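# coordinates for the following, if possible.
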Amino acid sequence: MTQEWLIAPRGIAGEYGNMSSFAGVRSLEFCKLALVILLGAGMSACAASAAPGDLPRLQISSASLQQRADGATLDVALDWHASPLMLEALDHGIPLDLRLRIDAQSAATLGWRSSVASNERHVQLRYFPLSRQYVLRDLERQDERHFIARASLFAALEDLHLPLIDWNDTRAERYRVQADLDSAALPGAMRVSVWFDPAWRMPATEFIWPANATTESAHE
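Model (predicted):
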């Protein structure tokens, strides 16, 4: 075995791209897989005892669409009360992805609104035990913000600025933003918990405002 296998890389970049250089990497991956399976089974077992205050809640506090020189940007504030089981998974290195979709909708015709523009964005919350840092990552742009405290990570969700790609909403009468947990991004062994465990079931939330206003507090 060469010396390269004995020296661990430093920093977040090493955790993303150079994990293969760690000694015993196969054992680490096996342990991680076992942990995912145990978490998925254990979380479902605790579902019946979950108190109402332990259930996850996601709300969009505000949203606006800003037209800037380099294109449109969705400014959105999320208030996410993650369940204790979600936080436990996060602190064990399981990434939690949020999916946001914005639709520009035309005026209603016979009660039906068509979408004249749409865009889907994804943000990821993750903890890296080696560097002891929490990371908020824009998965489309690959931008990252690093935090020492978990509370700071969740507070950062209240100030998201997400550029929209190829956005053209000239015929929009109103905008609608939807946000939810991207359960498809969870490890396979944990996806079952989303269906059966109240501590993982988090309904999608939405926010609607007229196109001629900066923000609107009404929800539908």
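
# tell me the spacing between the residue nearest to the spatial centre of the chain and residue 174.
Centroid-nearest residue in the chain: residue 98, 2.3 Å away (criterion: C-alpha atoms, centre = their mean). Relative to residue 174, residue 98 is positioned 23 Å away (C-beta to C-beta, to the nearest Å). Any C-beta I mention is one placed from the backbone N, CA and C, and that applies to glycine too.

# same check, this time on residue 181
25 Å.

# out of those two, which sits in the busier spot?
Counted by other C-beta atoms under 10 Å, residue 181 and residue 174 do not tie: residue 181 has more neighbours, with 22 against 19.

# next, the more buried one: phi, psi?
phi -80, psi 130 (degrees, to the nearest 10).

# show the contacting residues for it.
Contacts of residue 181 were listed using C-beta atoms under 8 Å, 6 or more residues apart in numbering, and they are 56, 58, 96-99, 194, 200, 202.

# same thing but at 7 Å, please
Residues near residue 181 by C-beta atoms under 7 Å, 6 or more residues apart in numbering: 96, 98, 202.

# ok, what's across the strand from it?
Note on residue 181: beta-bridge partners by DSSP bridges are residue 98.

# shift numbering so it begins at 267
Sure, I'll start numbering at 267, so the last one becomes residue 447.

# for the protein, which strand is longest?
strand 381-394 (DSSP state E).

# helices or strands next to the helix or strand following that strand in the packing?
Downstream of strand 381-394, the first helix or strand assigned by DSSP states H and E is strand 399-404. When contacts are defined as 3 or more C-beta pairs under 7 Å, 6 or more residues apart in numbering; DSSP states H and E, strand 399-404 packs onto strand 381-394, strand 409-413, helix 416-421.

# tabulate the contacts of residue 447 (JSON lines), appending pLDDT and distance to residue 332.
Below are those laid out as JSON lines (pLDDT from 0 to 100; distance: C-beta to C-beta, whole Å):
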{"residue": "362", "pLDDT": "97", "distance to residue 332": "26"}
{"residue": "364", "pLDDT": "98", "distance to residue 332": "20"}
{"residue": "468", "pLDDT": "89", "distance to residue 332": "27"}
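
# just the mean pLDDT for stretch 333-343, thanks.
Per-region confidence: stretch 333-343 scores 88 on mean pLDDT.

# list the buried residues for it?
Neighbour-count burial for stretch 333-343, counted by 16 or more other C-beta atoms under 10 Å, picks out 338-340, 342-343.

# can I get those residues in JSON lines including secondary structure and distance to residue 455?
Shown next, in JSON lines, are these (DSSP: H, G, I helix; E, B strand; the rest coil; distance: C-beta to C-beta, whole Å):
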{"residue": "338", "secondary structure": "strand", "distance to residue 455": "38"}
{"residue": "339", "secondary structure": "strand", "distance to residue 455": "37"}
{"residue": "340", "secondary structure": "strand", "distance to residue 455": "33"}
{"residue": "342", "secondary structure": "strand", "distance to residue 455": "31"}
{"residue": "343", "secondary structure": "strand", "distance to residue 455": "33"}
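
# adding distance to residue 356, write the residues you listed out as a markdown table.
Conversion of the buried residues of stretch 333-343 to a markdown table gives the following (distance: C-beta to C-beta, whole Å):
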| residue | distance to residue 356 |
| --- | --- |
| 338 | 31 |
| 339 | 27 |
| 340 | 24 |
| 342 | 21 |
| 343 | 20 |
